[in-house]
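# quick one: sequence and predicted model below, then my questions.
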Amino acid sequence: MYRYETHLHTSPASKCASATVKESLEFYKSLGYDGVFITNHYTKVKNSKFPDMTQEEFIHFFFKDYEDALSLSRKIGIKVFPGAELSFEGNHFLVLGLDKDWFLAHPELREMKFSDMLNLMREEGAFVSHAHPFDERGFINHIKLMPRCVDAVEVINVQKNPFQNAMANFYADAYGLLKTAGSDNHIAGKSKKLAGIQCEEPIESVADFIEKAKAGKISIFQIEREDRESEFKDVSIEFQKLP
Ligand SMILES: [Zn+2]
Ligand SMILES: [Zn+2]
């Protein structure tokens, strides 16, 4: 199986990440992954984490990690695909497949209704998965579902508790949405739990990924290890029974 990380943060593009692009790529390469999507935090209006930048400056800064990853990918021998984790009132959406030129060419995003924006992105070739939809951290005012504006639901996010993942899985099933799994990795090789997607044939591009996902050729997996020195082992995916 060819394996991929779908939810990865790197420093400095994500302020909350401690691992660099290089550390992250070397880590996933050491585990035998075929590729990663780089999904740093992105906001459609002025980024509050980087208040001194204009939105255009932020887009350049944001994609610098992906561009660095792209040039390192050949040396390290792992594929990288562009992505972003979009924030909307505390809710997060993984948008896979749009690059810097696309974001620079669409300044109107700033004025757009969020649902219109997700649909525009999907029309233009992106794949959208609702990340940790049942997250209940303090900054999240309310759980918000947008089933008509996403392709998939992140049903396993290893940072979330079993109930939140089980609810995400229930949501995906109820609406017939595709499923992704991800690590929400901010610390590269310091992780003890990872999740991702796998495929019997290698994924060559985001368009190829979307085609394979829609054809039912992608499955999710989870791996864990006891401590940082031990090896990762596959764990079977079983969702908590809902009341
Ligand atoms: Zn998130
Ligand atoms: Zn994240």
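Here it is on my side, so go on. Ligands and ions are numbered 1, 2, ... in the order given.

# buried residues, the lengthiest helix in the chain. List them.
In the chain, assigned by DSSP state H, the helix with the most residues is helix 55-76. Residues 55, 58-59, 62-70, 72-73 are the ones in helix 55-76 that count as buried (16 or more other C-beta atoms under 10 Å). Where C-beta positions appear, they are placed from N, C-alpha and C, glycine not excepted.

# stretch 31-42 now?
Buried residues in stretch 31-42 (16+ other C-beta under 10 Å): 33-42.

# using PDB, write out every CA atom in it.
The C-alpha coordinates for stretch 31-42 follow below in PDB (Å, rounded to 0.1, in the frame of the first residue of the first chain):
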ATOM      1  CA  LEU A  31       8.200   5.500   7.800                       C
ATOM      2  CA  GLY A  32       8.000   4.600   4.100                       C
ATOM      3  CA  TYR A  33       5.200   7.100   3.200                       C
ATOM      4  CA  ASP A  34       4.900   7.900  -0.500                       C
ATOM      5  CA  GLY A  35       3.800  11.400   0.100                       C
ATOM      6  CA  VAL A  36       2.300  14.200   2.300                       C
ATOM      7  CA  PHE A  37      -0.100  17.000   1.800                       C
ATOM      8  CA  ILE A  38       1.100  20.200   3.500                       C
ATOM      9  CA  THR A  39      -1.900  21.800   5.200                       C
ATOM     10  CA  ASN A  40      -0.900  24.900   7.200                       C
ATOM     11  CA  HIS A  41      -3.500  27.200   8.800                       C
ATOM     12  CA  TYR A  42      -5.000  29.700   6.300                       C
END
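
# get me the contact residues on this protein for ligand 1.
Residues of the chain lying close to ligand 1 (C-beta under 5 Å from the ion) are 92, 131.

# tell me who's in contact with the residue in the chain positioned nearest to ligand 2.
Here the residue of the chain nearest ligand 2 is Asp184; by C-beta to the ion that distance is 4.3 Å. By C-beta atoms under 8 Å, 6 or more residues apart in numbering, the residues touching Asp184 are 7, 9, 131-132, 157-159.

# how much space between it and Phe134?
Asp184 sits at a distance of 14 Å from Phe134 (criterion: C-beta to C-beta, to the nearest Å).

# got it, and Lys113?
23 Å.

# ditto for Leu242
Taking C-beta to C-beta, one finds Leu242 at 11 Å from Phe134.
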